[in-house]
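K.L.:
Sequence first, then the predicted structure, then my questions.
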Amino acid sequence: MTSRHAPADRRDGYHVWHPWTDMARMEEAGDPLRLTHARGSFVHADERALFDASAGLWNVNLGHGDGRISRAIAQALDRLTFHSLIDTPSRAADRLAAALLENAPPNLARVMFHCSGTAATEGALLTLRQLALREGRPRKTEIVAIAGGFHGSSYLMTAVSGLPEDAAQIAPLPEGLHHIPAPLDARGARAGLDALRRLVETRGPERLQSFIAEPVMGCEGALALPHDWLAEAVALCRTAGMTIVADEVATGLGRCGSWFAWPRDVPVDALVVGKGLSAGYLPLAATLFDADVFARFTAARDHGPLRYGSTMDGCPAALAAGLAVLEILAADDVPGAVRATRRAIDPALAALAASPMVRGIEGAGLMIGIRLCDTADGGDLPAERVHAVCARLRDAGVLLHPEGCSALLFYPPLTAGVAEIEDALGTVAGVLAEMVRVALAVRSPA
């Protein structure tokens, strides 16, 4: 008898529904990449070694198979399997919080732990919303973000993110969310500030709650927000009494060549870290809050405790992974090593930029966006063709995940060697050169 719960087609016994994945494409491919093990900067599929140019999903910052981290996790599990942070102090959580704050902007003084970047960015915004409510400002709920930004995949954070195709899938959206143009160029920079200025004038301090931004926009081709633009945007927000949230889920903890990419001279009320915090070993993220935000929140005791969090937030094994990662980052001066690596590979990036398919190189440190264009018309390369580029790179030994934009997002492990990165960039150059040659042959048949 067939179970009524059994799938109509088990696809040879494979039962996983993958997130953010075109399942039809995966199944039609017939021979999906099946990773078996990984070490250092390389992942292995059967007998093939591929350079991990995406560092997992921008999170395996210290490479694969670092025994210092896995041993710390095992020791933590031997000591204490689980410890809830609800109503129960944790020395392990406090040690990690103190280590995070050591290199953070000096006004940040309290840390909230989560299991994902999505939960941490959402926690920042919802905590700040609860603060406004506790202080008698129930209409102060509206959020401003930048078009093209990505801040998570929950209902709220998909809506807050500035990606229309994603937001369209969860409509209707929450009210009170605004997106200003990204400073992709001088025109976009002016348009973004003008739009923000209009919001400040029309919505005002009574309604505008928070401004959230990534210092380097990961899904926008690694666009680094110009310092002066960001400073002016934050100053405008301050005139409306808005809180500022720095989304450093991707950029933080060494990726851009510093502990944090948010400029030290630009105010911030909450700073979010995620991907690199556990280096991909376990789910872990954190939100660092301004001391005054915490003091004001806890002063309103009649409203009770913060209403946010989940079961596994700050579990002992994840905390141990995070502390081991921070100790390695400091002991090995990984941020400094990233700066040195970037200087060493700049000539290879300059050579790659000379390709007719490359519009430009964006980013900071080892967060590198290779913007691609269509050689036929000079326009942005469609996402479908970027996917084809990534497929060719995989066949050539470089694993790089397409992200639905017109850029290759080259975010390798921070510990990757210069020679390894140069070889991978050479492979990218070779694949693009072959695609240009084929395109020219198609347009100019013999």
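P.N.:
Cool, got the structure. Residues are numbered from 1 along each chain as shown.
K.L.:
Every contact and neighbour count from this point should use C-alpha atoms.
P.N.:
Noted.
K.L.:
buried set for stretch 342-361?
P.N.:
342, 345, 348, 349, 352, 353, 355, 357, 358, 359, 360, 361 (16 or more other Cα atoms under 10 Å).
K.L.:
Run through who's touching the strand or helix carrying the fourth one.
P.N.:
It refers to residue 349. Using DSSP states H and E, residue 349 sits within helix 334-353. With contact meaning Cα atoms under 8 Å, 6 or more residues apart in numbering, helix 334-353 is reached by 253-259, 328-329, 358-361, 365-366, 414-415, 417-418, 421-422, 425-426, 428-429.
K.L.:
just how off-centre is that helix within its chain?
P.N.:
21 Å (Cα atoms, centre = their mean, to the nearest Å).
K.L.:
what about the helices in the stretch 151-300 of the chain?
P.N.:
Along the stretch 151-300 of the chain, the segments classed as helices by DSSP state H, counting those that start in this stretch run 155-160, 164-168, 186-202, 204-207, 227-239, 291-299.
K.L.:
Give me the distance from the fourth one to the chain's centre.
P.N.:
Read that as helix 204-207. Centre to centre, stretch against its chain (Cα atoms, centre = their mean), the figure for helix 204-207 is 29 Å.
K.L.:
coming back round to it: just the buried ones from the contacts of helix 334-353, in ChimeraX syntax?
P.N.:
To isolate the buried ones among the contacts of helix 334-353 in ChimeraX, judged by 16+ other Cα under 10 Å, type:
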select :253,254,255,256,257,258,259,329,358,359,360,361,365,366,414,415,421,422,425,426,428,429
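K.L.:
Mind checking which of the contacts of helix 334-353 land in helices?
P.N.:
328, 329, 418, 421, 422, 425, 426, 428, 429 (DSSP state H).
K.L.:
Could you check the pLDDT of the fifth one?
P.N.:
Looking at residue 422, its pLDDT reads 98.
K.L.:
how far does stretch 54-62 stretch from start to finish?
P.N.:
12 Å (Cα to Cα, to the nearest Å).
K.L.:
Report the rounded mean pLDDT for it.
P.N.:
Mean predicted lDDT for stretch 54-62 stands at 97.
K.L.:
what's the answer for stretch 344-353, then?
P.N.:
Mean pLDDT, stretch 344-353: 97.
K.L.:
and among the helices of the stretch 151-300 of the chain, the most buried is which?
P.N.:
helix 155-160 (a mean of 22; mean count of other Cα atoms under 10 Å).
K.L.:
Against which helices or strands is that one packed?
P.N.:
helix 117-134, strand 142-146, helix 164-168, strand 177-180 (3 or more Cα pairs under 8 Å, 6 or more residues apart in numbering; DSSP states H and E).
K.L.:
worst average pLDDT in those?
P.N.:
Looking at the helices and strands packed on helix 155-160, the bottom one is helix 164-168 with a mean of 90.
K.L.:
Tell me the gap between it and the middle of its chain.
P.N.:
18 Å.
K.L.:
circling back: and of the helices of the stretch 151-300 of the chain, who's closest to residue 24?
P.N.:
With Cα to Cα as the criterion, residue 24 lies closest to helix 164-168 of those, at 18.4 Å.
K.L.:
Walk me through the regions of the stretch 101-250 of the chain where pLDDT falls short of the threshold, as ranges.
P.N.:
When residues are selected by pLDDT under 70, none of them lie in the stretch 101-250 of the chain.
K.L.:
And the furthest pair within the buried residues of stretch 342-361?
P.N.:
By the measure Cα to Cα, 342 and 357 form the most distant pair in the buried residues of stretch 342-361, at 22.0 Å.
K.L.:
Which residues are in contact with residue 223?
P.N.:
184, 216, 217, 362, 363, 369 are the contacts of residue 223 under Cα under 8 Å, 6+ apart.
K.L.:
Specify which member of those residues is nearest to residue 27.
P.N.:
For the contacts of residue 223, the nearest to residue 27 is residue 369 (28.9 Å; Cα to Cα).
K.L.:
In a helix, that closest one, correct?
P.N.:
No - read with DSSP: H, G, I helix; E, B strand; the rest coil, residue 369 is strand and lies in no helix.
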